[in-house]
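**Student:** Got a sequence here, can you build the structure:
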Amino acid sequence: MIPRAETSPMRSILSIATAVWLLVFLPGAALATVFGSVRGLVHDPQHRPTQGAMITMRSTTNDWEQTATTDENGEFQFSSIPIGEYSVSVSAAGFTESRQTVIVGGGSVAKVHFQLAIASAREDVQVSATPDAVDTDSSAAPGFVTRAQIARTPGAEDTNSMAMITDYVPSAYVVHDQLYVRGGHQVEWLIDGVPVPDANIGGNVGPRFDPKDIDTVEMQRGGYSAEYGDRTYGVFNVVTRSGFESNRTAEIVVSYGSYYTTNDQVNFGDHSDRLAYYGSINGNRSNLGLETPTTSVLHDLEGGGGGFTSLIFNATPADQLRLVASVRGDHYQVPNSPDDQAAGIRDTERESDAFLNFSWVHKASHGLVLTLSPFYHYNRAVYEGAPSDQPLIPRDDRTSNYFGGIANLAFLSAKHNARAGVQLTGQRDQSLFALTATDGSGLAVRETRSPNANTETGYFEDQYKVRSWLTLNGGVRLTRFSGDSTETAVDPRAGAALRIPRLGWVLRAFYGRYYQAPPLTTVGGPWQAFAIAQGFGFLSLRGERDEQHEFGLSIPLRGWSVDVSNFRTGARNFFDHIPLGNSSIFLPVTIAGARIRGWEGTVHSPRLFDRGEIHLAYSHMYVEGKGGLTGGLTEFAPPGGDYFFLDHDQRDTLATGFTFDTQEISLLARGL
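**Tutor:** Residues are numbered from 1 along each chain as shown. This is a model prediction of the structure:
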């Protein structure tokens, strides 16, 4: 963290025993569920309900398909639908077939309305225009990016690229090789609705997975329900390729670019009526890896590789089993300035990552959906100084193991879309931090630590449809963190969505509080004593507590989708990090306060002339800190005055592009 110039104790909310009891007796959908629902209504030309109409719902990206029939009220419903884009068609005797496209979000209910037309003598098939894709019930403004969009976006398929986020999400940008969204870099990644937990702030620069393995990404940047996690600044729910989009298919992707860059992959997949599998192996390298300190590209080679697999088995019509596994390793040379290069400094960063997620989804009667999701995540980052480093040779070796599970119960009725659940997460770290002097002083500092922590979380929420034009969203999230210290939090979330009749515009408002558990690994022991002797200060890290206000307007217009949001986030113990000298070792710190506020907007076009699309994302934002450090190791003193701008304050961010057939021109502007 570099400024720019310009519990009290309380009783445990969820004891481990209670959480285990809930895990056993209250199973349900995942933390950020990979499933949503679709409701619909079918009328004839006289607006009378059409009973017995055949409804077919098909994925636009794979072979997934379900059918249903309308009841006496002309209504139909699909539950446990994987998030993504779908085509819904209606056929009934005496009427022409009608079709609409809907987008299903995690934990949400998409709604469609069909008014059938009398069939002509020629029985032509009538295809309706794509409806305006606006969620009329959510207090947030989620976005979706599909595999086809990733493939058409320049650089988005590269293994180390975040273009699929930064090109489509306003207020998203990359600084210090870290992804920032709305001024913070504590984001949550979920794979098929199951989290890949990571409490280390700025500890890794390598990717979790290859973007070429993605089918759809659901992106949320605020207004989260209580079901979604405690990461204030972004939640990205990745639906991976499953094999349902393949028929004994294998692909080989090979690329080559400047700086000897290549991003290659071999993937394969297939499916039957009940089983689907997908697997891939990838490799990448470049002579331009990490962000360089100067315009010169010196000592900046990067390379990596990994594998990924997804298995889905529909054991019964009511039970689905999912398994997702990934493993990868990355190696980075830490880029030098010309002076560092001449001095013989040759530092490196090695990273490895693996996760294994499993889900059992069961559709019970009366609108109940139950899911159990155990998970495991392994992550290691090793920073190594070279023997010729001057005046110190640093080494930072940290290994983290995360394990736990989620249990959820989801209930869907005509008026309610309710969810309750619990998540248990254990973290076991091992760290080594060492400094060895090369100036003849004989200094040698070596510290090893094995910190542990547990986090227990429970939540309840409901989305209540008051009227066809008004939806209220409310819930509460309870968290207990126990590590070097014990902290608890009770975080309410409340919001509303109001659809303006005739126009179809949707007004949104949201208020929420968040708690983010602190990193376990920071310096202590002999290194802490040495640093203090050198004039540094040290304070224990505490969890970040945030309060967020947001309101927005979504405007559908003939297939176009325009969204505008105003947001304001106030933070206590704001997480950031500082580098140790020029070593590129980042040490986590917390700042007394932060204020993040701004406007942002998105524009998405329909398919134009059946040949192309246009998209735009823009934000105008202020990211300011206040006060000194409340945790971590630093000699930082805040500038005089009240608020000061943080180094990752990016005032204006614009990303826009358009695609026509196989050609895309993408115009990107950063930090205008």
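**Student:** Let me see the contact set for Phe308.
**Tutor:** 209-210, 213, 240, 278-280, 282, 324-326 (C-beta atoms under 8 Å, 6 or more residues apart in numbering). The way it works is simple: take the backbone N, C-alpha and C, and place the C-beta from them, glycine included.
**Student:** ah, wrong one, I meant Arg147
**Tutor:** Contacts of Arg147 (C-beta under 8 Å, 6+ apart): 61, 214-216, 241.
**Student:** hmm, which two among those residues are most spread apart?
**Tutor:** Maximum pairwise distance among these (C-beta to C-beta): 10.5 Å, between Thr61 and Ile214.
**Student:** neighbour-wise, which of the contacts of Arg147 leads?
**Tutor:** Greatest neighbour count in these, by other C-beta atoms under 10 Å, goes to Thr216: 26 neighbours.
**Student:** what separates that one from Asn62, distance-wise?
**Tutor:** To Asn62, Thr216 is 10 Å away according to C-beta to C-beta, to the nearest Å.
**Student:** Make CSV out of the contacts of Arg147 and add secondary structure.
**Tutor:** CSV is the format used below for these (DSSP: H, G, I helix; E, B strand; the rest coil):
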residue, secondary structure
Thr61, coil
Ile214, strand
Asp215, strand
Thr216, strand
Arg241, coil
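**Student:** quick check, nearest of those residues to Thr425?
**Tutor:** Ile214 (24.2 Å).
**Student:** Surely the closest one touches Ile165?
**Tutor:** No - with contact defined as C-beta atoms under 8 Å, Ile214 does not count as touching Ile165 (11.2 Å).
**Student:** So in the protein, where's the weakest helix or strand by average pLDDT?
**Tutor:** Scoring the helices and strands of the chain by mean pLDDT, DSSP states H and E places helix 16-25 at the bottom, with a mean of 37.
**Student:** for the next helix or strand after it, packing partners?
**Tutor:** Moving toward the C-terminus from helix 16-25, the next helix or strand (DSSP states H and E) is strand 35-43. The criterion is 3 or more C-beta pairs under 8 Å, 6 or more residues apart in numbering; DSSP states H and E, and the helices and strands that strand 35-43 contacts are strand 54-59, strand 75-82, strand 84-91, strand 98-104, strand 109-115.
**Student:** With mean neighbour count, distance to Val253 and mean pLDDT added, can I get those in CSV?
**Tutor:** Below are the helices and strands packed on strand 35-43 laid out as CSV (neighbours: other C-beta atoms under 10 Å; distance: least, C-beta to C-beta, whole Å; pLDDT from 0 to 100):
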stretch, mean neighbour count, distance to Val253, mean pLDDT
strand 54-59, 18, 22, 90
strand 75-82, 20, 24, 84
strand 84-91, 20, 22, 87
strand 98-104, 21, 27, 85
strand 109-115, 19, 32, 82
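**Student:** Out of the ones you listed, the one nearest Gly269 is which?
**Tutor:** Nearest of the helices and strands packed on strand 35-43 (C-beta to C-beta): strand 54-59, 14.3 Å.
**Student:** and that closest one, how far from the chain's centre?
**Tutor:** Between the centre of strand 54-59 and the centre of its chain there are 29 Å (C-alpha atoms, centre = their mean, to the nearest Å).
**Student:** and if you look at stretch 566-580?
**Tutor:** 18 Å.
**Student:** tell me the mean pLDDT over it?
**Tutor:** In this model, stretch 566-580 has an average pLDDT of 86.
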